[in-house]
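A.B. asks: what's the 3D shape of this:
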Amino acid sequence: MTMIRCAFGAFLVLSVPVLAEPPRTWIDPDTGHRVVRLTNEPGSASLYFNQNGYTADGKSLVYTTPGGISVLNLATQQARQVVEGKVRLIDAGRRSQRLYYTRDGVVFSTDVDSGDTRRIAVLPARGSIATVNADETLLAGTYIEGDGTDYNNNRPAATARAQSAPAAQQSHPLDQPRNKGEMMEQRLAARLPMGLFTVNVRTGEIRTIHRATDWLNHLLFSPTDPGLLMFCHEGPWHKVDRIWTIRTDGTQIQKIHTRTMAMEIFGHEFWSADGKTIWYDLQTPRGEDFWLAAYRVETGRRTWYHLQRNEWSIHFNVSRDGTLICGDGGDPGQVAKAPDGRWLYLFRPEMLENRGADDGALIQPGVLRAERLVNMSKHQYRLEPNVSFTPDQKWVVFRSNLFGETYVFAVEVARSVPL
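C.D. replies: All right, here's what the predicted structure looks like:
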């Protein structure tokens, strides 16, 4: 263990760009958790936090490289390329072993085991696909009507630039743009007419189910209900009512969270694995008080878990059994302005004892008990780590430029060395 720690220290002291590649594994001396580098390709990256990045059998991680899409066997850590060329990955299927992606305005799927590739549909002009439903019968996306300015509005910022990686990390296509705030303001003000559409995977039929001049974005199908789709009204979070759901026939449009104070923000929403809960970052108000909020779809019941400023994370994720939460932290330039937030976190949710009114209509309070997993002080947070739990819940996968180039890493949930 001493040799690993010394080697890790040496890598930090030496000029990082001269190294051939980062270490394969080390024990984080500040947390006692084991970290493993999963990928070998510079510029490789795990998926955006709300995309499904694991094959349906739970055995493989799906990731992108400058040359296409690859899968990595989580047991053997052997990788192989499945799709070659510049494509945009949408999701791994939840029912089959197929990956869904677009190339040059056309949607395809490829079976990771057999290599069988199918052409599904040509996208509408100025459109993109964002998500695949639970039984892989529908895809969903958005398009801008007419010929107005394209603000890259139809996709998560992290995945919109995800397929070709130049050598210099500071210009990596996964990085957040420096003028993102200005772009968000301009795009919201443009009020461009948009359509939200579905694609029938079997027939290729395209059907528009909702039209609006709101900026429609962040589409995400329920992982269990094939007919339920979550989407957002995008823009600066303090100016929009962000989180909504809609049925795939265009009915039952529902707002999930209603603002109760000026400058309250909420977003980076995602589903629980069982499809029963919508989770999202909530701040009351912006940059001051921090919560991870949970909304139960069937009952409307709400739970808010409180966390400290340094523990706030750009993205959160929840284990498949719902008992653990992970977060990717943030640097002082993020909305929390955390002085010591450059960590990957493991959280254990804890409900507070209710000694007051037993009213299901009230928000139920809880807290997140934090444990640090990885020291991210050398990570440049313009690249968001986008944490996720492996299907067996034993590892948290993330992407990082800790050593210059971007690679995919995993940290073990169980601590290897006591502190």
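A.B. asks: For residue 415, which non-adjacent residue is closest in space?
C.D. replies: Spatial nearest neighbour of residue 415, chain neighbours left out: residue 32 (4.5 Å); criterion: C-beta to C-beta, 6 or more residues apart in numbering. For the C-beta atoms, the positions are set from N, CA and C on the backbone; glycine is no exception.
A.B. asks: I meant residue 417, not that one.
C.D. replies: Residue 417's closest residue in space is residue 32 (C-beta to C-beta, 6+ apart), at 4.1 Å.
A.B. asks: The one you found: what's it in contact with?
C.D. replies: By C-beta atoms under 8 Å, 6 or more residues apart in numbering, the contact list for residue 32 reads 415-419.
A.B. asks: Show me where the stretch 251-400 of the chain has its helices.
C.D. replies: Secondary structure of the stretch 251-400 of the chain by DSSP state H, counting those that start in this stretch: no helices are present.
A.B. asks: quick one, strands of it?
C.D. replies: Counting by DSSP state E, counting those that start in this stretch, the stretch 251-400 of the chain has strands at residues 254-255, 265-271, 277-283, 290-296, 302-307, 316-318, 325-327, 343-351, 364-375, 388-389, 395-403.
A.B. asks: what's the angle from the third one to strand 302-307?
C.D. replies: The directions of strand 277-283 and strand 302-307 differ by 50 degrees, with axes from the mean of the first three to the mean of the last three C-alpha atoms, to 10 degrees as the criterion.
A.B. asks: ok, residue 368 - how many residues close by?
C.D. replies: 22 (other C-beta atoms under 10 Å).
A.B. asks: 4 is where my numbering starts, stick with that
C.D. replies: All set: I'll call the first residue 4, so the last point we hit is now residue 371.
A.B. asks: so it sits right up against residue 315, yeah?
C.D. replies: No: using C-beta atoms under 8 Å, residue 371 makes no contact with residue 315, being 10.1 Å away.
A.B. asks: Which helix or strand contains the closest residue to residue 128 other than its chain neighbours?
C.D. replies: Nearest residue to residue 128, sequence neighbours excluded (C-beta to C-beta, 6+ apart): residue 146, at 6.8 Å. Counting by DSSP states H and E, the element that carries residue 146 is strand 141-147.
A.B. asks: Tell me the strands beside that strand, with direction?
C.D. replies: strand 130-135 (antiparallel), strand 197-203 (antiparallel) (DSSP bridges).
A.B. asks: Just the CA atoms of the first one, as CSV, please.
C.D. replies: Spelled out, it's strand 130-135. What follows is strand 130-135, C-alpha atoms only, in CSV (Å, rounded to 0.1, in the frame of the first residue of the first chain):
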residue,chain,number,x,y,z
GLY,A,130,-33.6,17.7,-34.4
SER,A,131,-31.9,15.3,-32.1
ILE,A,132,-32.7,12.2,-30.0
ALA,A,133,-32.1,12.2,-26.3
THR,A,134,-33.6,9.0,-24.7
VAL,A,135,-34.9,5.5,-25.2
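A.B. asks: How far off centre is that strand?
C.D. replies: Here strand 130-135 is found 15 Å from its chain centre; the criterion is C-alpha atoms, centre = their mean, to the nearest Å.
A.B. asks: Any chance of the backbone angles for residue 185?
C.D. replies: phi -60, psi -40 (degrees, to the nearest 10).
A.B. asks: Pull the number of nearby residues for it.
C.D. replies: 10.
A.B. asks: and it, how far is that from residue 239?
C.D. replies: 10 Å (C-beta to C-beta, to the nearest Å).
A.B. asks: buried stuff in stretch 364-379?
C.D. replies: Residues of stretch 364-379 classed as buried under the neighbour-count rule (16 or more other C-beta atoms under 10 Å) are 369-371, 373-379.
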